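Q: coords please:
(4 chains)
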Amino acid sequence: MSATELAFKPFSRQQMAQRAASDIPEGWYVNLGIGIPTMISDYVPMDREVIFHSENGVLGMGPAPEKDKIEPWLINAGKQYVTMRAGGSFCHHADSFSMIRGGHLDLCVLGAFQVADNGDIANWATSENDTAPAVGGAMDLAAGAKRLWVLMEHTAKDGSAKLVTKCTYPLTAPGAVKRVYTNLATLDVTDRGFVVLGMAPGLSFDDLQARTEAKLHLPA
Amino acid sequence: MSATELAFKPFSRQQMAQRAASDIPEGWYVNLGIGIPTMISDYVPMDREVIFHSENGVLGMGPAPEKDKIEPWLINAGKQYVTMRAGGSFCHHADSFSMIRGGHLDLCVLGAFQVADNGDIANWATSENDTAPAVGGAMDLAAGAKRLWVLMEHTAKDGSAKLVTKCTYPLTAPGAVKRVYTNLATLDVTDRGFVVLGMAPGLSFDDLQARTEAKLHLPA
Amino acid sequence: MIDKIVQSMADAMAGIKDGSVVLLGGFGSVGQPNALIDGLIEHGAKDLTVACNNAGAGHVGLARLMELGRVRKIVCSFPRSSDPVVFETLYRAGKIELEIVPQGTLAERMRAAGAGVPAFFTATGVGTKMAVGKEHREIDGRTYILEQALHGDIGLVEAWEADRWGNLTYKQAGRNFNPICAMASALTIVQSQHIRDLGQIDPDHVVTPGIFVDRVLHVPYGDPSGF
Amino acid sequence: MIDKIVQSMADAMAGIKDGSVVLLGGFGSVGQPNALIDGLIEHGAKDLTVACNNAGAGHVGLARLMELGRVRKIVCSFPRSSDPVVFETLYRAGKIELEIVPQGTLAERMRAAGAGVPAFFTATGVGTKMAVGKEHREIDGRTYILEQALHGDIGLVEAWEADRWGNLTYKQAGRNFNPICAMASALTIVQSQHIRDLGQIDPDHVVTPGIFVDRVLHVPYGDPSGF
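A: Residues are numbered from 1 along each chain as shown, chains lettered A, B, ... in the order given. As a prediction, the model looks like this:
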C-alpha cells in the first residue's frame, strides 16, 4: 500500500484534538482522558465555555499554568499541573465519581487500544494475563458519561486494525463508544456499525476500509 | 396501689433528663430525639464537651439562643432554634445520615411508646392502621447509632405498661435499645432482659415490677 | 457564555410537565424553595409526585399545591406538621397517595439517584413494616434491606449564593436536602438569596457544583422565620 | 476538653495492629499522608492490607512499606506509577496480592463503608473482567453489579487545617480520597499542615467533621511538589 500511503496526509495529533474540540459545544461538562485527549482542551477557546472535569475532584480546569505560577496542590488525573477557571470547584473522590457514575458528564474522551463496531472499548489492558493492569477511572468514565468518544491512531504500531468487529483485549465497557476520531477519519458508532463522517485529505473510502477490520459505512 | 403511690416520689422530667445526662461522658457524639430527650443537653455542662448532632445536618449544637440572638437558619430536627458551639459544622442530609447509618454516633436517646425486654422499640405509630404515620429519622437513628437509650414515662397515661415482653405497636427497630430511663427507674436491656440499675426514692422492686409487664431483674 | 441565571419565574418553570416527580429541598422552614413552589403553583403542572421531608403546613406552599389537587403522591418521612390539615384531609379522603420513607433512607435514595447507584442495602427499617415486601439480605452477620434510588424529573432548591455556572452555597441548616435534590434531578431549578460574580465563591467552599444545576432565579427574600 | 491533637508520631500510631486494613488518602503526590506512612513504617505493623489509588512510587512511602515486606495485599485502581519497581518486583515474585478496583468503585466502596451501606449496585465494570463472579442485576433496563463496602481499620489522612475536635479542610485537589478514608475507617489518623483554634474554621466550610476523626498530628511540611 505504499502508493496510497503517499497519496494522503494523516491528521496530526494536534489536528485530531482540534477536530474533537470543534465538536464540543459551549456548556458541556467534559472529562478528557490521559494522553492525546488531554490536548483537546488546548483547542477550545476560553470564550466558548466548556467545563473540564478531572477524576480527582477538580471541576472547571483552565489551561496549564506558566512555570512560575504552578499551584503544587492543583493537579489533574494525569498528575499534571493545571489551573482553575473562575467558577471552578473542588470535591472529594466519591463526589467526583458521582458526577461520572450519575450521568452528569456530557462527554468523556478516552484513548483506546481497540474499539468494536458495537461500541465496545478496550483501553486498559493488552492481555487477559496482564500482570498488574491499571484501570484507573476508565471503566467508571466509559460506563457513566452521557457520551463516550475515543481519540486514537487508526491502526496499531504493528499495522494491525484498532477498529474491529470484536475486541480481543479485555473490555473497559461494552457498547459505550459513540464516536471515534483517528488520524485517518472521524466515525460514528451506530446501529449499523461504523459510519464515516470524514476522512484525512486524499484518503479514499477503500483506503480507509483497507486499514479497518470492521466494515465501514457511509452516512445514510 | 394508692398506698404505695404515696410512698415514693417519681423522677420529674428534669430529673430523668439529668440522670441520662450524667451518664454521657465527654467526647461522645450524641443525637437527642424530639421531646424529653432534647432536655438532656441542658444538663450537660459546657465544660464537659459532648457533641450534639441533629438530623438536619447540624453537628456541635449549643444551648437554645436568647430571644434576641436567634439565627433564623439555625434549627434542629425538632425545628427549634439552636446555637452552634465553636467547632460545630454543617452538612447535607445524606452526609448527616451517613453519620447515623454509618455507626458514628456514640449515642441516640429517643422517646418511645413501648420498649420490649429484647430491646425492641416502638416509638412512631400507635396502630398498624395509623392513617399517616410520621417516622422521621427514628428508624435510621435506632438502627444506626452505636447505643440507643430511651427516655420515657414508665407507664402510659392509661396506666398500661410501656416496658413489655413484646411491643404491640409497630416497631421502630428490633433489638436496638440498650438502656431505659423512666420516671421510676433506670434499666439496662441485657441478654436476661431488663436489669434495674436504680429506682425512684421510696420505690420497691416489687412496686416497680407491678408497673412493668416484662420481668425485671436485679444486677448479677 | 454559560448563563444559568434566568430573569423570570416563567423562565424558571418553563417546560415542567404534568406527571413529573418533583424533589423539594428544605427542612422545617429553613432552606425551602418557597418562591419556586409558588411558581410551580402558578405554572399549573398537575398529577405530580412530590418528595420532600414533610407534607406541607397551613395553606401555603406545598400545602397549597396539594389543596389545588395538583399532587398525586407524596413521598416523605414526616407528613405531620404544626398545621397538617390540607394533607390530612386529602389523605383521609383518599385523594392523595402517601409513601412513608425513613428520613435517612429518603436522603440516601436521592443521593444514590444522583450518584448513579440504582439500589443499595441499608439496615434502617429492618424488622419493621418499612421492610415488608423488600429484598432482605444478611451481609457479615447483619440483616439489610434493598432500597431504590429516587430520581427527580424536577428539583427545586434554595441556596444562599449562586453564580452563573450554577455553583451554590447554603447557609447553616439551610443546606439539608438541597444538595441531594440538586444532584438527583434531571432539571434542577434554584432560587438563591444572592447572586455572585463567577469566581467570587471560593472553589474550596462550593457545596453544590454547577454540574448539578440547570437554572438559577434570584429571590432575595431575607430570613426564613416569616414562613 | 476534647483534644484529638497528639504530640508525637508514636502517639499517632499507638495501637495499630498487624493485619490491619489501612486506607490511604492522596492522589498523585497531592494529599498524601507521607509523614504518617513513614510513621507506620517506623511503628512496624505488618501483614497489612493497604487500599489507595496507586501502589507507590520509588522507594519511599508506600513503596518503602511494601519493600519492607509489611504489605500483604494492595487494593487500588492504578498500580502503575512513574517508578513502580517495588510493587512490580514484589507482584511478579508472588509476594504481594493485588485487587484492582475501578477508581470510582474504590471511592464509592469507601464512602459506602462510612455511610453504613454494606453493598450497592453500579454499572461500572459490567461486561468486563471486573464483573466476573459478582452478582448481576437488571434494574430499569440496565445491568448492574453488586459491590461491597470497603472498611478500614486505620485511615491515614492528610489535611490542610484541623482543630482539636478533628474538623478538617483540604487544599484544592488535596481533598481527593481523604474525606472518604476518614469516614470509612475505625481509627482515623490525620496529619495536618495547620492547626486552628476551635471555631476558626467556618462551620459552613468544614469538609470532614470531627466525628470521622480520632487523632490529629501537626505536620507542617510545605508544598507537596517535593514528594
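
Q: next structured bit after the lowest-mean-pLDDT helix or strand in chain C?
A: For chain C, using mean pLDDT, DSSP states H and E, the weakest element among its helices and strands is helix C:85-92, scoring a mean of 93. Where DSSP states H and E defines the elements, the next helix or strand beyond helix C:85-92 is strand C:97-100.

Q: what does that next one rub up against?
A: With contact meaning Cβ atoms under 8 Å, 6 or more residues apart in numbering or on different chains, strand C:97-100 is reached by B:132-135, C:55, C:72-77, C:79, C:91, C:130. Placement of C-beta: from N, CA and C, glycine included.

Q: So what pairs up with C:Ile189 in the strands?
A: C:Leu156, C:Arg215 (DSSP bridges).

Q: Quickly note the distance from it to C:Gly56.
A: 19 Å (Cβ to Cβ, to the nearest Å).

Q: got it, and C:Leu23?
A: Going from C:Leu23 to C:Gly56 by Cβ to Cβ gives 15 Å.

Q: ok, the two, which is more surrounded?
A: Neighbour tally, C:Leu23 and C:Gly56, criterion other Cβ atoms under 10 Å in any protein chain shown: the higher count belongs to C:Leu23, 31 against 27.

Q: That one belongs to a helix, doesn't it?
A: No: C:Leu23 sits outside any helix when classified using DSSP: H, G, I helix; E, B strand; the rest coil, being strand.

Q: Quick check: it touching C:Pro179?
A: No: the criterion here is Cβ atoms under 8 Å, and C:Leu23 misses it with C:Pro179 at 11.3 Å.

Q: Measure how buried the closest residue to C:Leu36 other than its chain neighbours is and give me the count.
A: Excluding the flanking residues, the one nearest C:Leu36 by Cβ to Cβ, 6 or more residues apart in numbering or on different chains is C:Leu156, at 4.4 Å. As a burial measure, C:Leu156 scores 33 neighbours (other Cβ under 10 Å).

Q: got a list of what C:Leu156 touches?
A: With contact set as Cβ under 8 Å, 6+ apart, C:Leu156 has these partners: C:Val22, C:Leu23, C:Leu24, C:Gly25, C:Pro33, C:Leu36, C:Ile37, C:Leu40, C:Cys181, C:Ile189, C:Gln191.

Q: Around chain B, which positions in chain A sit nearby?
A: Counting by Cβ under 8 Å from any Cβ of the partner chain, no residue of chain A lies close to chain B.

Q: where does C:Leu40 land in three-state SS?
A: At C:Leu40 the chain is in helix, as set by three-state DSSP.

Q: Check it and give its pLDDT.
A: Per-residue pLDDT puts C:Leu40 at 98.

Q: Dihedrals phi and psi, the residue of chain C positioned farthest from its centre?
A: Most distant from the centre of chain C: C:Gly141, at 34.6 Å, with distances by Cα atoms, centre = their mean. Dihedral angles of C:Gly141 (phi, psi; degrees, to the nearest 10) stand at phi 90, psi 0.

Q: quick one: which of the contacts of C:Leu156 has the most company?
A: The residue in the contacts of C:Leu156 with the most neighbours, by other Cβ under 10 Å, is C:Cys181 (36 neighbours).

Q: Wasn't that one part of a helix?
A: Yes: counting by three-state DSSP, C:Cys181 is found in a helix.

Q: Tell me who's in contact with it.
A: The neighbours of C:Cys181, taking Cβ under 8 Å, 6+ apart as the test, are C:Leu23, C:Leu24, C:Gly25, C:Met110, C:Gly152, C:Gly155, C:Leu156, C:Val157, C:Thr188.
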